[in-house]
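Undergrad: all I have is the shape, not the residue letters:
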DNA sequence: TAACTTTGTTAGTGAACGCTTACTTCAACT
DNA sequence: AGTTGAAGTAAGCGTTCACTAACAAAGTTA
């Protein structure tokens, strides 16, 4: 994975991610972030030109990691259902390890009116969508999946269901078993989908 | 529908809803809201004791309307699939008429760390969940729906899929056909579900 | 060694925030 | 007619926000 960021920038982005996870995006202020890092506020501006740039960097950083992870999984040539399961297992495990990123993703309501940030969140959603959609298409072509629903509708269902599992996990204060619940829902969905 | 609110309060809440829809929740400030209503900032405090109370009222107001609508639909005794279709058609049509409320619902990321507001959003989700879940249970008892998935998992799938349709509509700038897309996805889901 | 670059500091800036105080207006009731 | 209470106002409070200017230390380079 190419690295566009300096060590200090990564430190700052990770502190920001942690803070968002623990106290919400409203509590991500330059003052708080500087205190977390035991730096002055001005020091942060040596590494990012604005607060917005920190958020932008944070999302870019995660997308880089995500693309890497996804492309490895997609390159294997298995049963579409197995690839789908791997895709979500990998994603959900990343969320468990780094719950902060979920808080950022689910803050899209706030980003709605900030074009740059919205674009980043949309990019992440599209990344998942394109890969799921191509797997569903493959499954339908091979006659494995039912065709009473188009691939786009099925993709919407799969993504929506998984998002809902993540949202419930988030609302439970990360106490529910995300990977178990997610796997359970996905397996059921695939059973219904497979002819 | 009982009415806990004065006319002025409703005016204020509707102006707030409109502003959130048009410019995002970040742009909902007392100053802006007062300007929208052509009132002084202090005047708002004659009707609500805090800005938080305005948001709280707004959600309470919508939940009242929602409960009313849902209970009418649930009291009829039809095929569970027909009730489910009515439930969502009614909900989606409300969203189209009042798109602002969607912006508020999808701001739950912000409410995450405000207990009162989070409780309201959770109340709305539970309201849908309980009713969908009972319909799915009814359908399974009557042998209409497949039982390879528990009612909770199926409810998660239905709610998640519909939420995803709404999110896509939101991200499209409300240009896609919400009711058509939603109906399409729900019909497909029910077909897969019905034995 | 002298100049330059990087990374940090202190001490602010103006603007925006939610909210309050003190005062006014005016319709309704006694 | 006088009193009261609801609903409005202007002005400004204290606080927080993102961000900046001026300067300092320390390492690197010429």
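TA: Right, received. Where do you want to start? Being a predicted model, the structure only gives us computed values, none of them experimental.
Undergrad: so what secondary structure elements neighbour the host helix or strand of residue A:85?
TA: In this assignment (DSSP states H and E), residue A:85 forms part of helix A:80-97. On a contact count with 3 or more CB pairs under 8 Å, 6 or more residues apart in numbering or on different chains; DSSP states H and E, helix A:80-97 meets helix A:51-75, helix A:100-105, helix A:115-141, helix A:151-171, helix A:178-193. In this view, the C-beta of every residue, glycine as well, is placed from N, C-alpha and C.
Undergrad: state the mean pLDDT of it.
TA: For helix A:80-97, the mean pLDDT works out to 96.
Undergrad: show me what counts as buried in that helix.
TA: By 16 or more other CB atoms under 10 Å in any protein chain shown, the buried positions in helix A:80-97 come out as A:80, A:81, A:83, A:84, A:85, A:86, A:87, A:88, A:91, A:92, A:94, A:95.
Undergrad: switch those residues over to a markdown table; also include distance to DNA strand C.
TA: As requested, the buried residues of helix A:80-97 are exported to a markdown table (distance: CB to the nearest atom of the strand, whole Å):
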| residue | distance to DNA strand C |
| --- | --- |
| A:80 | 47 |
| A:81 | 48 |
| A:83 | 42 |
| A:84 | 43 |
| A:85 | 43 |
| A:86 | 39 |
| A:87 | 37 |
| A:88 | 38 |
| A:91 | 33 |
| A:92 | 35 |
| A:94 | 28 |
| A:95 | 30 |
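Undergrad: ok, so of these, who is nearest residue B:180?
TA: Nearest to residue B:180 among those, counting by CB to CB, is residue A:84 at 26.9 Å.
Undergrad: if I look at the residue lying closest to that closest one once chain neighbours are set aside, how far off is residue A:71?
TA: Nearest residue to residue A:84 in three dimensions, chain neighbours excluded: residue A:135, at 5.5 Å (CB to CB, 6 or more residues apart in numbering or on different chains). Per CB to CB, to the nearest Å, residue A:135 is found 14 Å from residue A:71.
Undergrad: counting neighbours, go ahead and name the busier of these two.
TA: residue A:135 (23 against 10; other CB atoms under 10 Å in any protein chain shown).
Undergrad: pull the contacting residues for the more buried one.
TA: Residues in contact with residue A:135 (CB atoms under 8 Å, 6 or more residues apart in numbering or on different chains) are A:80, A:83, A:84, A:87.
Undergrad: so residue A:133 touches residue A:156, yeah?
TA: No - counting by CB atoms under 8 Å, residue A:133 stays clear of residue A:156, with 9.5 Å between them.
Undergrad: the more surrounded of those two?
TA: Comparing residue A:133 with residue A:156 by other CB under 10 Å, the one with more neighbours is residue A:156, at 27 against 19.
Undergrad: just to check, the more buried one is in contact with residue B:167?
TA: No - in this structure, residue A:156 is not within contact of residue B:167 by CB under 8 Å, at 9.6 Å.
Undergrad: excluding chain neighbours, what is closest to residue A:116?
TA: Per CB to CB, 6+ apart, closest to residue A:116 is residue A:56, 5.9 Å.
Undergrad: for burial, what's the neighbour tally of the one you found?
TA: Number of residues near residue A:56 (other CB under 10 Å) recorded here: 18.
Undergrad: pLDDT score for it?
TA: 93.
Undergrad: now swap in the one 3 residues further on and tell me
TA: Turning to residue A:59, the model gives it a pLDDT of 92.
Undergrad: just residue A:108 next, same as before
TA: So, for residue A:108, pLDDT stands at 69.
Undergrad: residue A:132 is in contact with residue A:159, correct?
TA: Yes - with contact defined as CB under 8 Å, residue A:159 reaches residue A:132; the gap is 6.3 Å.
Undergrad: worst-scoring helix or strand of chain A, pLDDT-wise?
TA: Least confident helix or strand, chain A: helix A:108-111 with a mean of 68, by mean pLDDT, DSSP states H and E.
Undergrad: got a list of what the closest residue to residue A:187 other than its chain neighbours touches?
TA: Excluding the flanking residues, the one nearest residue A:187 by CB to CB, 6+ apart is residue A:85, at 7.5 Å. Contacts for residue A:85 (CB under 8 Å, 6+ apart) come out as A:183, A:186, A:187, A:190.
Undergrad: so the third one versus DNA strand C, what's the distance?
TA: Distance of residue A:187 to DNA strand C, computed by CB to the nearest atom of the strand, to the nearest Å: 46 Å.
Undergrad: tally of neighbours for that residue?
TA: 16.
Undergrad: need the pLDDT of it.
TA: On the pLDDT scale, residue A:187 gets 96.
Undergrad: how much space between it and residue B:194?
TA: 20 Å.
Undergrad: got it, and residue A:76?
TA: Relative to residue B:194, residue A:76 is positioned 35 Å away (CB to CB).
Undergrad: higher neighbour count, those two?
TA: Each of residue A:76 and residue B:194 has its neighbours counted (other CB under 10 Å); residue B:194 has more, 13 against 9.
Undergrad: residue contacts, the more buried one?
TA: Contacts of residue B:194 by CB under 8 Å, 6+ apart are B:81, B:144, B:145, B:146.
Undergrad: what is it paired to in the beta sheet?
TA: Counting by DSSP bridges, residue B:194 forms beta bridges with residue B:145.
Undergrad: which positions in chain A make contact with DNA strand D?
TA: Residues of chain A that fall close to DNA strand D, judged by CB under 7 Å from any atom of the strand: A:28, A:29, A:30, A:31, A:32, A:41, A:42, A:45, A:49, A:50, A:51, A:52.
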